[in-house]
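quick one: sequence plus predicted model below, questions after.
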Amino acid sequence: MLEAVTDSIPLRHPQPGSSTQGPLPLGLPGLGQLLPLLVSLIGLSAVPSASAQGAFARLPPLSLSAGFTGPRAPLPKDWVGRIPLAPETPILVLAGHADSQGIAGAGTSGAAVALRGAAPMQADIQDELYWNLRTAAAVVALGRSRGLPIQLYVPPVRDIASGDDPRTNWSIGKAFAAAGGYALEIHYDAYGPDGIGSGLMPPINRPISQLDESLAQAFGSYPRLFRGGLGAPKRGIALLEIGKLEGKLEASLRDPRRREASIAGIAERIVAAIELGLGLNPPPGAVGNEPAGTGQQASSGGG
Ligand SMILES: [Zn+2]
């Protein structure tokens, strides 16, 4: 599709040779030193461009209709996040599957590509990663515009075989969380019966926080030990499924006329939930949370 060209997301981001890239020296500093190091390295390397931030800043917040992101995960919420986090807690946002293209765990191709033969948004990556990257960047840009200490990390290459490689989302997020930050990995769920729905999987190696709770109120939730505990939650990384990549959600993202507003609306819901979860007062006019309890009757939007 033509718009995929103008929306193209660089596969290698940033370029090799950048002074801020390469494996982070995770083994060198103590935990107390690690977080500032990570923040400085990540902040320099992965902040969206000024023009991108400006584009997001110009968009008015979109109030997503109930059910915009499709059904919530219809699974029991067997946890409550009660631990308060400091309002200044650093936040790291990760795009799910950004290090696993062309290998196991590449993410969903979405219903449009898989079922209807649509062209992928970008030929060399799964559509889920395309939207994970777009959404993660929008969350960070919006969060920064609201004064949150929020960072984006994007792995330097897209096919890292070992999840424990120091450049993966998992390794960077694990270290960030262990040093006292909050790491959040963005996903879109599979279409059809393979997908479950929107919701948060909280980290399972530490007490569940009020920030986890706030995101769960905004998006729904997964059981604490979903499938025995996935790779990210085991490492202290919260995993957020925005919604199944199908139906109204996918159509809104793919429609060039509605794309930016849709991403902005999703980012608004996430950032507003972060602000609430950190005990920060959201600014006037902040919108985005679905009314509690809408998940059970929300339809998939025909996808
Ligand atoms: Zn995913």
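Done, it's in.

which bits of this protein sit near the ion?
Neighbours of the ion within the chain, by C-beta under 5 Å from the ion: 96, 107, 187. Any C-beta I mention is one placed from the backbone N, CA and C, and that applies to glycine too.

which SSE is the residue in the stretch 101-250 of the chain that the ion sits nearest to in?
Of all residues in the stretch 101-250 of the chain, His187 sits closest to the ion, at 3.5 Å by C-beta to the ion. Taking DSSP states H and E as the criterion, His187 maps to strand 182-189.

by contact count, what packs against that strand?
In terms of contact count using 3 or more C-beta pairs under 8 Å, 6 or more residues apart in numbering; DSSP states H and E, strand 182-189 is assigned the packing partners strand 91-95, helix 127-145, helix 169-178, strand 237-244.

just checking: what are the partner strands of the first one?
When you say that, I think you mean strand 91-95. Strand 91-95 pairs in its sheet with strand 150-153 (parallel), strand 182-189 (parallel), by DSSP bridges.

would you mind finding the most buried of these?
Mean neighbours per residue, mean count of other C-beta atoms under 10 Å, is largest over the strands paired with strand 91-95 for strand 182-189, with a mean of 27.

quick one, what contacts the closest residue to Tyr182 other than its chain neighbours?
Closest residue in space to Tyr182, ignoring its immediate chain neighbours: Ile91 at 5.0 Å, by C-beta to C-beta, 6 or more residues apart in numbering. Taking C-beta atoms under 8 Å, 6 or more residues apart in numbering as the definition of contact, the neighbours of Ile91 are 143, 148-151, 181-184, 274.

kindly recompute the last result at 7 Å.
Residues in contact with Ile91 (C-beta atoms under 7 Å, 6 or more residues apart in numbering) are 148-150, 181-182, 184, 274.

same thing with Leu230?
The contact partners of Leu230, by C-beta under 7 Å, 6+ apart, come to 201, 239.

what of Ala190?
Taking C-beta under 7 Å, 6+ apart as the test, what Ala190 contacts is 108, 244.

from now on call the first residue 27
Done: numbering now begins at 27, and the last item shifts to Ala216.

and Val180, how many neighbours?
23 (other C-beta atoms under 10 Å).

and the strands paired with strand 117-121: which comes nearest Glu286?
The closest approach between Glu286 and any of the strands paired with strand 117-121, judged by C-beta to C-beta, belongs to strand 208-215 at 16.9 Å.

in this protein, which residue is closest to the centre?
A centroid search over the chain (C-alpha atoms, centre = their mean) returns Ile212, at 2.0 Å, as the residue closest to the centre.

okay, it: pLDDT?
Model confidence at Ile212, expressed as pLDDT, equals 98.

what is it paired to in the beta sheet?
Going by DSSP bridges, Ile212 is paired in beta bridges with Ala121, Leu266.

in this structure it contacts Leu159, no?
No - using C-beta atoms under 7 Å, Ile212 makes no contact with Leu159, being 8.5 Å away.

which of the residues of the chain next to the ion sits closest to Trp105?
Distances from Trp105 to the residues of the chain next to the ion, taken as C-beta to C-beta, are shortest for His213 (18.8 Å).

and Thr194, what is it in contact with?
Thr194 makes contact with 125, 181, 186, according to C-beta under 7 Å, 6+ apart.

likewise Gly169?
With C-beta under 7 Å, 6+ apart as the criterion, the residues that contact Gly169 are 176, 297, 300.

what does Leu174 give?
Shown here is Leu174, whose contacts under the criterion C-beta under 7 Å, 6+ apart are 117, 300.

please redo it, this time with the cut-off set to 6 Å
With contacts defined as C-beta atoms under 6 Å, 6 or more residues apart in numbering, Leu174 is in contact with no residue.

that one is in what secondary structure piece?
With secondary structure defined by DSSP H and E, Leu174 is part of neither a helix nor a strand.

look up phi and psi at it.
Taking degrees, to the nearest 10, you get phi -80, psi 140 for the backbone angles of Leu174.

and it, what pLDDT?
With respect to pLDDT, Leu174 has a value of 97.
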